[in-house]
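Q: Got a sequence here, can you model it:
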Amino acid sequence: MSTQPQSMLFERRFPNEIFAIIIDSLNDDPFSLRNISVVCKDFVVFSQPYLFRHVDLTSKSLAGCTEAAPPNKRRSQFVGILSNPQTSYLGRFVRRLDFPGNIENGSKGAQRDHVPDTLLILQSLPFLTEVRLEKGRFEHFDAIRKHLGGQLQKLWIRGVVLLEIVHFQDFQRLLTSLTELKFLAIDELSNSGNLALDQTALVLPSSLRELHITKMDGAGLWILEISYPPILGTLLVDFDLTSRHGPGLWRSLKPGTAVAIDVNTGLVPNWVMTNTILQVMSVFLRGFNLPYFTLCCSQSPSLAKFFRLFIRSLPYSVRDISIDFNAGATDGPVDQDSSLRDWDALDQTLIQRYEGRSLNRVWFRCTTRMVSWDGPSSAHWHDRSILDRVRKLLPQADKMGIIDVDHGRRFFEF
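A: Model prediction:
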């Protein structure tokens, strides 16, 4: 039996710096952080700021909880933590909150019951700076506006449905209230109510620096005017052959704005006539007058044909193009034998545009995507070998000095 005094049995064996180093090495591993937090009280104290820095109510488990639960139970668990005087202090650690606006497989009455919970959650997170809201309802917009208007810096919204003009007005009021917002992503904005928006402008926060707009192709949205703030530096939009964005997408962009267009696989169906494809692309690009932009894409074999048609549709203002392949894409290689004729045709298109004095340079990159709804790419497959072959695929353009291959950049950036 030990003869040490009782006070020495509980004496700390390591200095704070050692605990901090251990915890910091696990800061991106919630599973290990949860496990280590039960070792001793010191690990609990040091791990809590990391465990609760990002609370995801859409995932299978909640920070600090080991059991999996459906979304409605996870929400209740978090409300319980914030309502308990002994644990409510944990809300001070939360910097990012992901939550579903509508709980699947629930009655309308059950969904209404979650609104007070959301209000309590938002009121209890004084240092929250990022929100990701899926299938948000307008009660949630009102709560964010009231409690986070002066502190939120990043907002991701997916699945907003506009059924009445008041819904658009509520959405606009939310954006107007976010006086510190730096980043905004709007995904799957739907005009299911067929609202007449041809005389309407979506006014963005004056503090906004980066904007992502994706899958916003509902009826009537393509004519929506977008009023960009003067300091906006980055715009990302997506495009496929169903896109119907009009000049309102580009009209108020300031010179110097970095524009990226995500074309994914660039699939061009064989049964669609070339003139029809060119017309759709021309409508999408109408009003675009910046000299440079980036095409983001996978590594699909269909891309060479898409590039050729898209570049043919570009306005004369565009002089420089960056093509950025996704290093984590698994649909390649982009230069399969079946696509080699398309690469030859692309080579000719680049030469024609260069000789017409409307092209200076085309940069090719292959990078890992770090900003998305699902977070940084976790793919173990990273294939950048296309950069070793692109000059041979475009020999004439390369000979003319049009092609520039960037092997150094590893992560996507504008």
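
Q: So Phe141 belongs to a strand, correct?
A: No. Assignment of Phe141 by DSSP: H, G, I helix; E, B strand; the rest coil gives helix, placing it outside any strand.

Q: residue boundaries of the helices in the stretch 1-150 of the chain?
A: Using DSSP state H, counting those that start in this stretch, the helices of the stretch 1-150 of the chain run over 6-9, 16-24, 30-36, 41-51, 71-83, 108-123, 138-148.

Q: looking at these, which one has the lowest mean pLDDT?
A: Per-stretch mean pLDDT for the helices of the stretch 1-150 of the chain is lowest at helix 6-9 (a mean of 42).

Q: Report the mean per-residue pLDDT for the helix or strand harbouring Phe306.
A: Using DSSP states H and E, Phe306 maps to helix 303-313. In this model, helix 303-313 carries a mean pLDDT of 96.

Q: Next, the closest residue to Ala327 other than its chain neighbours: secondary structure please.
A: Sequence neighbours aside, His382 is the residue nearest to Ala327 in space, at 4.5 Å (criterion: Cβ to Cβ, 6 or more residues apart in numbering). Every residue, glycine included, has its C-beta placed from N, CA and C. Of the three states, His382 takes coil under three-state DSSP.

Q: So His382 versus Asp331, what's the distance?
A: Look at His382 and Asp331: by Cβ to Cβ, to the nearest Å, they are 14 Å apart.

Q: For stretch 177-193, buried residues please.
A: Going by neighbour count (16 or more other Cβ atoms under 10 Å), the buried part of stretch 177-193 is 177-178, 181-191, 193.

Q: hey, where'd the strands end up in the stretch 201-350 of the chain?
A: Remark: strands assigned in the stretch 201-350 of the chain by DSSP state E, counting those that start in this stretch are 201-203, 210-214, 225-227, 234-238, 258-264, 292-297, 320-326.

Q: Which other helices and strands does the first one contact?
A: Put plainly, it is strand 201-203. With contacts taken as 3 or more Cβ pairs under 8 Å, 6 or more residues apart in numbering; DSSP states H and E, strand 201-203 sits against helix 165-177, strand 225-227.

Q: strand partners of the last one, parallel vs antiparallel please.
A: So that's strand 225-227. strand 201-203 (parallel) (DSSP bridges).

Q: For the strand it pairs with, the averaged confidence score.
A: The average pLDDT within strand 201-203 is 86.

Q: Can you say which of the strands of the stretch 201-350 of the chain is nearest to Phe141?
A: strand 201-203 (13.9 Å; Cβ to Cβ).

Q: ok, residues contacting the closest one?
A: Strand 201-203 has contacts (Cβ atoms under 8 Å, 6 or more residues apart in numbering) with 172, 175-176, 224-227, 248.

Q: Sort out which of these are buried, if you could.
A: Among those, the ones that count as buried by 16+ other Cβ under 10 Å are 172, 175, 224-226, 248.

Q: Output those residues in JSON lines; the columns should cover pLDDT and distance to Ala143.
A: Formatted as JSON lines, the buried ones among the contacts of strand 201-203 follow (pLDDT from 0 to 100; distance: Cβ to Cβ, whole Å):
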{"residue": "Gln172", "pLDDT": "92", "distance to Ala143": "16"}
{"residue": "Leu175", "pLDDT": "95", "distance to Ala143": "15"}
{"residue": "Leu224", "pLDDT": "72", "distance to Ala143": "25"}
{"residue": "Glu225", "pLDDT": "79", "distance to Ala143": "28"}
{"residue": "Ile226", "pLDDT": "85", "distance to Ala143": "25"}
{"residue": "Gly248", "pLDDT": "76", "distance to Ala143": "30"}
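
Q: Measure how the helix holding Phe306 sits relative to strand 258-264, angle-wise.
A: 140 degrees (axes from the mean of the first three to the mean of the last three Cα atoms, to 10 degrees).

Q: what's the angle from helix 303-313 to strand 292-297?
A: In terms of direction (the same axes, to 10 degrees), helix 303-313 departs from strand 292-297 by 150 degrees.

Q: distance of the closest residue to Phe310 other than its chain neighbours from Gly266?
A: Spatial nearest neighbour of Phe310, chain neighbours left out: Met281 (5.7 Å); criterion: Cβ to Cβ, 6+ apart. Relative to Gly266, Met281 is positioned 11 Å away (Cβ to Cβ).

Q: remind me which residues of the chain are low pLDDT?
A: Applying pLDDT under 70 to the chain flags residues 1-47, 60-71, 102-113, 193, 198, 217-223, 243-247, 371-381, 414.

Q: Go through the buried ones among the contacts of strand 201-203 and name the one nearest Val131.
A: Distances from Val131 to these, taken by Cβ to Cβ, are shortest for Leu175, at 13.1 Å.
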